[in-house]
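**Student:** Here is my input, please return the structure:
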Amino acid sequence: QVQLVESGGGLVQPGGSLRLSCAASVSIFSTSAMGWSRQAPGKEREFVAAILSRGSMTTHGDSVKGRFTISRDNVKNMVYLQMNNLTPEDTAIYYCAARTREIFGWGPHLAFDYWGQGTQVTVSS
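**Tutor:** Predicted coordinates:
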C-alpha cells in the first residue's frame, strides 16, 4: 500500500508559478514510476506528467509541455511538479500518483495504481 500526500496548491494569478509537492509513504525505489494528474470541474481526469522511479526519463501531457516539469527526490521520497506560466485552464485538483506494476510502454498514457487526496490549484485574477 502506498500513501501519497500532496501540498503546495493554492490561488495564483495567470502567468504565475506554483510548485506542488508529494510525500510518499514508501521508498520511491519500490515503485516503477511517479506522476501527477489533474481533474477540472465537469471534466475527466487528465494525465499531467510522470517520471521513472529510477533514471531520468519523464513524460508530460501536451497541454502542459514546456510549462510544467516533474522531478523527484528519492532520498526524501518526494515528487514535485513545477508549474510555470499558469493559465485559468490549469485550474483543477491535482493528484499525485504512483505506479507499482511493471511498465511496458512509456508515455502520457501511463496508468497509475495509487492516488493521493489531491490539492486544489486555482488560477484566477
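**Student:** pretty sure residue 23 belongs to a strand, no?
**Tutor:** Yes. With DSSP: H, G, I helix; E, B strand; the rest coil as the criterion, residue 23 is part of a strand.
**Student:** With adjacent residues omitted, what lies nearest to it?
**Tutor:** residue 5 (4.8 Å; CB to CB, 6 or more residues apart in numbering). C-betas here are computed from N, CA, C, even on glycine.
**Student:** Residue 77 too?
**Tutor:** Closest to residue 77 by CB to CB, 6+ apart is residue 24, at 4.5 Å.
**Student:** go on, residue 60?
**Tutor:** Closest to residue 60 by CB to CB, 6+ apart is residue 49, at 4.6 Å.
**Student:** okay, the residue most central in space within the chain: pLDDT?
**Tutor:** The chain has residue 36 as the residue nearest its centroid, 2.0 Å off, counting by CA atoms, centre = their mean. pLDDT, residue 36: 98.
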